[in-house]
Structure formats: structure tokens, C-alpha cells
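A.B. asks: A structural model of the following input is requested.
(one chain, ligands or ions: 3)
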Amino acid sequence: MPDITAFDRSAVGTMSADKLPIVDIGAYLSGTATAKDRKASSDAIDKACREYGFFYVTGHGIDPEYLESLLKLGHEFFEQPEEVKDSIHIFKSMDGVRGYQKIGENVTYGKRDQQEALDIYPEPEHPTKDQLNGSQLWPSEADMPGFKATMLEYTEKMTKVGQAFMRAMADALGHEDTFAELQKDNYWVLRVIGYPPLPESFDAEQGVSCGAHTDYGCLTFLLADDFPGSLQVESKDGSWIAADPIPGAFVVNIGDIVDALTSHGYKSTYHRVIHRGTRYRVSIPFFFEPPRDWLVEPLRGLVPEGHTGVPPFKYFDHLKSMIYRHFVGADQQLPDKPNANELTQRG
Ligand SMILES: N=C(N)NCCCC[C@H](N)C(=O)O
Ligand SMILES: O=C(O)CCC(=O)C(=O)O
Ligand SMILES: [Fe+2]
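C.D. replies: Ligands and ions are numbered 1, 2, ... in the order given. I've put the predicted structure just below:
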């Protein structure tokens, strides 16, 4: 069980003046970079993954205007009439999780998040009612022309950036074979989130914009409207660092899978959203994931002496167990995170 009482994650808490590091992935995407360029890049990535698990990424090669247009599409989606959004509500999807969720229907550690959202997953070859195997619900072409094509195109572009990141990590950590497996048939999750501002005086005990959590996959690439202070990252001393957007950069964080693989060497860090003010905020996290049927095993040589590492688990089981506890009405006991504390308990 994760120790979520170690810090007071529900209260607003102390903010830190610390800033997240900036790393450049360009050397892993360009055909002309030298081995020296790649070394500089992978060293910086290694340091950022160990110290923060959260950083800014430049050199990804994705056009800033295109990214702006995606955020605009996100706004347009949430501005649709309630009936349009309801027509693709998750409760209407085959597997209960692909589509729209209203404000308060998302739950993090038992508290309702003050956000609405659209969850998008890869379309299975043969959709069924099995968990995470349904058909994706999309806004109709009449309501939102081009929305589906644009979002799917974005997942393709981001999968390539995620794979470049895996190459940088392989260079930093060794284990080329494992990292080669993490660069093909990658699963992904795309979430479009809308946050109305919290009321002037809100009770954190009743839930914030998004409660503190870690992400479940390999890497999260976040695209978000520029609202300083809204996204906050937990630092080692328990204070919160503002992960304010930087133009042209993604905010990137390590997820549970890379955390487990590296025996917590690369950290999946708790983060949360407390969005205040007067304007509506949209964010679009792209979750870069392992292949669907991947078995996660701690990498040899990275398990601290005297420990056994996180016991092997199936990535997709982890994803399903996390996803199906997210929504109102679901079983709301605290999820068992494979990355939390297990290492020291089993050592
Ligand atoms: N697919 C992902 N990672 N979605 C983001 C999760 C936000 C926290 C979630 N309600 C929780 O309870 O963990
Ligand atoms: O909206 C944000 O800035 C972050 C959202 C997030 O952490 C998530 O959905 O996993
Ligand atoms: Fe997150």
C-alpha cells in the first residue's frame, strides 16, 4: 500500500521556490547528432530522472503552433453542449472507461477531482466488454470535425518522442534489450482535461482540481494552458514545486513502470493540480506506455544491495487496476501501487 500519509497531500501545503530541470531530447531525434551530443543529453536526463522524476523537455521537434491548436480543440470540446458530451459518456462505452466524464466523477484516493475529462485509448482489434477492451467513443464529425484524426495523429507523433526518450534512458542505464522492447508496439493513453477554477475558498478535504497521484506508465508528456501554480510536484522535503509551463517545452514525468524497472532509481513523483483564478484550464497529458502485454521486472544491477526489487507484475493489469478505481461508484479502496514501499519491505 502506498504511504499517502507521509506528507499532508490533501492540504494545500507549502510551496517551494525550487524549479524543475530542463533537458533536451534533440540528440535522440536528429540524424546528425554525434555520440557526444547524445551522451550530454542522456546524462542530463539521467540526473533529472533521479533527482526529480519531473522535468521540462525541449528539442522534441513538435511545432508549437500545432500544440496550441490541440489545446484550442480541447477548449472547443468542453464548450460543446452538455448533450454532446453526455452522448459519449464513459458509462455508455463498452468497457466503461473510454469517453467523457463530468466534473466530480473522477476520483483520486477517495476524493472527487474538480475536473471534466475525455479519456482516449487505442482501439482494440476486436472490441469486447472486457476491461479496457471496448471501442473508443469520439465526438461525432458533425459536432467536432477532425477531432478524432487530430488526436490520433498526436498520439503517433508523441509515441516517437517517447521512443526517443527510451533510447536516451537505455544509454544512461544500459539494458539495451529491455529498452528495445520498450520502443515497439507501445500502448498509450490520451486524456483531455478541463478544469474550471476552484472557488475562492475551497475545502481541500473535499477534493482539489486533481488529487496527488503518480502516473501509471513509462512517461507522461504534458501539454497545458499557461497558468502558473496550477500543476504542483512534490519535492523530497514534502513541499510543492510549481511546474509552470515553459513555451515550446513539455512537462514530462516518470511513471510507475519506469520507477519499478529502475527500483525507484528513476522516480514516479506525486503531483496534483490546484487551479485557481478566473479562467478555465485545459491540459492534455499523453501517457507513453509499455507494450500492452509487457511483464515488468526490475532491471538487474539496479536493485539496491539487500533488496529484491519490486515483484514482477503485468503492466496491463496495473493499468486496469488503477483505471477502474478512478470513477465514482467504483470500489474506492486505495490502489496497491507496485512502486510503493515494496522494495524495502521485501529486502
Ligand atoms: N491515466 C492517468 N494516469 N490518469 C491520471 C490520473 C489522475 C489520478 C487518478 N484519479 C488516480 O486516482 O490515480
Ligand atoms: O492537468 C495537469 O496539469 C496534470 C494532469 C495529471 O497529472 C494527470 O492527468 O495525470
Ligand atoms: Fe498525472
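
A.B. asks: What are the buried residues along the helix or strand hosting Thr178?
C.D. replies: Per DSSP states H and E, Thr178 falls inside helix 176-181. If you call a residue buried by 16 or more other Cβ atoms under 10 Å, then helix 176-181 has these buried ones: 178-179. All C-beta atoms are positioned from the backbone trio N, CA, C, and that covers glycine.

A.B. asks: After it, which helix or strand is next?
C.D. replies: Counting by DSSP H and E, what follows helix 176-181 is strand 186-195.

A.B. asks: thinking again about what came up before, what separates the helix holding Thr178 from the chain centre, distance-wise?
C.D. replies: Computed by Cα atoms, centre = their mean, to the nearest Å, the chain-centroid distance of helix 176-181 equals 22 Å.

A.B. asks: Stretch 125-132 too?
C.D. replies: On Cα atoms, centre = their mean, the centre of stretch 125-132 falls 23 Å from the chain's centre.

A.B. asks: Tell me the buried residues in stretch 233-252?
C.D. replies: Buried-residue list, stretch 233-252, by 16+ other Cβ under 10 Å: 233-235, 239-245, 249-252.

A.B. asks: next one: stretch 209-224
C.D. replies: By neighbour count on 16+ other Cβ under 10 Å, the buried set for stretch 209-224 is 209-224.

A.B. asks: Burial check on Lys102, number of neighbours?
C.D. replies: Neighbourhood size, Lys102 [other Cβ atoms under 10 Å]: 15.

A.B. asks: Assess the claim that it and Gln114 are in contact.
C.D. replies: No: checked against Cβ atoms under 8 Å, the pair Lys102 and Gln114 is beyond contact range at 11.0 Å.

A.B. asks: what residues are up against Leu222?
C.D. replies: 231, 250-253, 283-286 (Cβ atoms under 8 Å, 6 or more residues apart in numbering).

A.B. asks: With Tyr280 instead?
C.D. replies: Tyr280 sits next to 75, 78, 194-197 when contact means Cβ under 8 Å, 6+ apart.

A.B. asks: can you list the weak-confidence ranges in the protein?
C.D. replies: 1-12, 329-347 (pLDDT under 70).

A.B. asks: What parts of it come near ligand 2?
C.D. replies: 191, 193, 210, 215, 222, 224, 231, 271, 273, 283, 285 (Cβ under 6 Å from any ligand atom).

A.B. asks: Let's have these in JSON lines, adding secondary structure.
C.D. replies: Formatted as JSON lines, those follow (DSSP: H, G, I helix; E, B strand; the rest coil):
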{"residue": "Arg191", "secondary structure": "strand"}
{"residue": "Ile193", "secondary structure": "strand"}
{"residue": "Cys210", "secondary structure": "strand"}
{"residue": "Asp215", "secondary structure": "coil"}
{"residue": "Leu222", "secondary structure": "strand"}
{"residue": "Ala224", "secondary structure": "strand"}
{"residue": "Leu231", "secondary structure": "strand"}
{"residue": "His271", "secondary structure": "strand"}
{"residue": "Val273", "secondary structure": "strand"}
{"residue": "Ser283", "secondary structure": "strand"}
{"residue": "Pro285", "secondary structure": "strand"}
